[in-house]
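Asks: Next comes the sequence, and after it the predicted model I'd like to discuss.
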Amino acid sequence: FDDRDGHIWFDGALIPWRDAKVHVLTHGLHYASCVFEGERIYNGSIFKSREHSERLRRSAELLGFTIPFSAEEIDAAKLATCRAANLTNGYLRPVAWRGSEMMGVAAQQNRIHMAVACWEWPSYFSPEARMKGIHLQLARWRRPAPDTAPSEAKAAGLYMICTLSKHEAEQNGFQDALMLDYRGYVAEATGANFFMVKDGVLHTPTPDCFLDGITRRTIIDLARQRGYQVVERHILLEEVRDATEVFLTGSAAEVTPVGRIGDWTYIPGQVCRTLMLDYDTLVNGRPLAVAAA
Ligand code: PMP
């Protein structure tokens, strides 16, 4: 991904894509003192840009460092990066990390760096898999307790178990993994939040040890506008067995139906389709149809 044309915003300026490099003794690389965002631009406007910029800054604070750019400056950096690429529909990856001045676990004086890259990324899962619903394997790794890791942060270190889980799922022919939390409740997929539908009611896990996704909150709002009841609660895996619909939400994944979890199968249904369309309408800046669900 490093060998391509284009520009990356790096510490305040746009530089050629291939020159956006860090030293191998970067603290963020060795000790995961690194936070990032994932967001999308639709028709030239970045969806909920300010919320993502603020979350990036908050994630850094949760890791004990301050990004030397304000939310306004981060918003401007993201737009400048998209404009330089002439990108009106695509994905953005802001990232911030501790630099390489000192080597060791402690590196309080190390400079904080930030970069923004963007590229075209139409679909997180393949369009065919999305239509049928993706297949999830139960992960062997669990989301850690909030007193084990700063689980509210979108921090690189928390993705170690996500990559392990997703790789194992892919090796077994699944598209993603479903992770339980440290108590055994259903948590999320490796890069997206979890919803299920039962008797026409939406249920989603309480985000008390994983990311309370911006898409998750958007979908809860859209569902309530449609008159659906949404319940946030602790969900046992056994309860998912007889759900009528299951789907994931995320900035990259958008609304993605789930067709299978292990041996349990689901068919993407009315609720999921309605919310996929409503999300598409909202992010593209079109007014929502007032039709009943
Ligand atoms: N959980 C994880 C682990 C994620 O990586 C993401 C994607 N950022 C989400 C949930 C969904 O968050 P959002 O809707 O804010 O993209």
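Replies: Looks like it came in fine. Residues are numbered from 1 along each chain as shown.
Asks: So which residues on the stretch 1-150 of the chain come close to the ligand?
Replies: G38 (C-beta under 6 Å from any ligand atom). All C-beta spots, glycine's among them, are computed from the backbone N, C-alpha and C.
Asks: contacting residues around the closest residue to the ligand within the stretch 51-200 of the chain?
Replies: Nearest residue of the stretch 51-200 of the chain to the ligand, counting by C-beta to the nearest ligand atom: G191, 3.8 Å away. Contacts for G191 (C-beta atoms under 8 Å, 6 or more residues apart in numbering) come out as 38, 124, 162, 166, 176, 250, 252-253.
Asks: In three-state terms, label it for me.
Replies: Here G191 is coil, with the state taken from DSSP: H, G, I helix; E, B strand; the rest coil.
Asks: related to what we said a few turns ago, among the contacts of G191, which are located in strands?
Replies: Mapping the contacts of G191 onto strands (DSSP state E) picks out 176, 250.
Asks: Look over the contacts of G191 and name the one with the lowest pLDDT score.
Replies: Between those, the one the model trusts least by pLDDT is Y124, at 81.
Asks: tally of neighbours for that residue?
Replies: By other C-beta atoms under 10 Å, the residues close to Y124 number 22.
Asks: shouldn't it be in contact with T249?
Replies: No. Assessed by C-beta atoms under 8 Å, Y124 is found out of contact with T249, at 11.0 Å.
Asks: what do those two both touch?
Replies: 192, 256.
Asks: how about A145, what does it touch?
Replies: Counted by C-beta under 8 Å, 6+ apart, A145 has contacts 151, 181-182, 209.
Asks: again, only this time at 6 Å
Replies: Going by C-beta atoms under 6 Å, 6 or more residues apart in numbering, A145 touches 182, 209.
Asks: What backbone torsions are found at it?
Replies: Main-chain dihedrals, A145, degrees, to the nearest 10: phi -70, psi 150.
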